[in-house]
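Chemist: sharing a model prediction with you, sequence too.
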Amino acid sequence: MRLGILGSGSGSNMQAILDAIEDGTLDAEIVLVLSDNPGAFILDRATSNGIPAGIIDCQGFKSKFPDEVQADTARRLLEAGVDIVCLAGFMRLVKRPLLDVFPGRILNIHPSLLPDFPGIDAWKQALAAGATEAGCTVHYVDEGMDTGPVICQARVPVFPDDTPESLHARIQIEEHRLYPVAITLVADAL
């Protein structure tokens, strides 16, 4: 499978996918990494590993992902021969036309047990709600915010002395393990 990664931050999930490819547990290749944040470390991770990387110019919008920009992003992914698009900390809501170009082939990882705690800072939401369990979910992307069908999940306990940072760190360990597994499940189903 040829993967395209969209990210806005450090790219730790992209690195986990790359590590799984390199250790032979994921039969895939990352062919393009794109970010809406020109200063995102995910771009450095990509270029240092010889993976083509580029910027998604959202025309000055802080959170909007304009239709014409999504169309251009879809074109770039298609030109790279991408089979599956993986959102890895991508902080914009994907809609059409990107969803139309890659139907059932855009995945996202979210740091909660969806449908609980969609949106940003899910681990903080879990702590504030007094949850005794948290985790992460890989799901198909649809037009909603973290509403697509679940592919798989991993659970972590919430400890009484947890801070947002300690809980998030445990969730990220599971994210890094789970995302390559989910990609394999989706690739096998295609």
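Modeler: Alright, I've got the coordinates.
Chemist: use CA for all of it now, contacts and neighbours both
Modeler: OK.
Chemist: low pLDDT regions in the chain?
Modeler: Along the chain, no part satisfies pLDDT under 70.
Chemist: all strands of it, in order?
Modeler: 2-7, 29-35, 53-55, 84-87, 106-110, 133-140, 150-157 (DSSP state E).
Chemist: quick check: neighbours of the first one in the sheet, parallel or antiparallel?
Modeler: This means strand 2-7. If you go by DSSP bridges, strand 2-7 pairs up with strand 29-35 (parallel), strand 84-87 (parallel).
Chemist: just name the most buried of the ones you listed.
Modeler: Mean neighbour counts were compared across those using mean count of other Cα atoms under 10 Å; the top stretch is strand 84-87, at a mean of 25.
Chemist: with distance to L99 added, can I get the strands of the chain in TSV?
Modeler: Formatted as TSV, these follow (distance: least, Cα to Cα, whole Å):
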stretch	distance to L99
strand 2-7	14
strand 29-35	16
strand 53-55	19
strand 84-87	10
strand 106-110	7
strand 133-140	10
strand 150-157	17
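Chemist: the longest helix belonging to the chain packs against which elements?
Modeler: The longest helix of the chain (DSSP state H) is helix 164-189. Judged by 3 or more Cα pairs under 8 Å, 6 or more residues apart in numbering; DSSP states H and E, helix 164-189 is in contact with helix 12-22, helix 122-128, strand 133-140, strand 150-157.
Chemist: who's in contact with the second one?
Modeler: Defining contact as Cα atoms under 8 Å, 6 or more residues apart in numbering, one finds that helix 122-128 is touched by P111, S112, F117, A134, V158, P164, L167, H168.
Chemist: let's see that with 10 Å instead.
Modeler: Helix 122-128 has contacts (Cα atoms under 10 Å, 6 or more residues apart in numbering) with 110-114, 116-119, 129-136, 158-160, 162-169, 171.
Chemist: the residues you listed, buried ones only, as a ChimeraX selection?
Modeler: Per 16 or more other Cα atoms under 10 Å, the buried members of those correspond to this ChimeraX selection:
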select :110,111,112,113,114,117,118,134,135,136,158,167,168,171
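Chemist: hey, what's the closest residue to V150 other than its chain neighbours bridged with?
Modeler: Excluding the flanking residues, the one nearest V150 by Cα to Cα, 6 or more residues apart in numbering is H139, at 4.2 Å. Beta-bridge pairing for H139 (DSSP bridges): N108, V150.
Chemist: quick check: A154 vs F117, distance?
Modeler: 15 Å (Cα to Cα, to the nearest Å).
Chemist: V101 too?
Modeler: From V101 to F117 the distance is 28 Å (Cα to Cα).
Chemist: for D142, see how far away the closest residue to A134 other than its chain neighbours is.
Modeler: Excluding its sequence neighbours, the residue lying closest to A134 (Cα to Cα, 6+ apart) is V156, at 5.3 Å. Going from V156 to D142 by Cα to Cα gives 26 Å.
Chemist: done for today, thanks.
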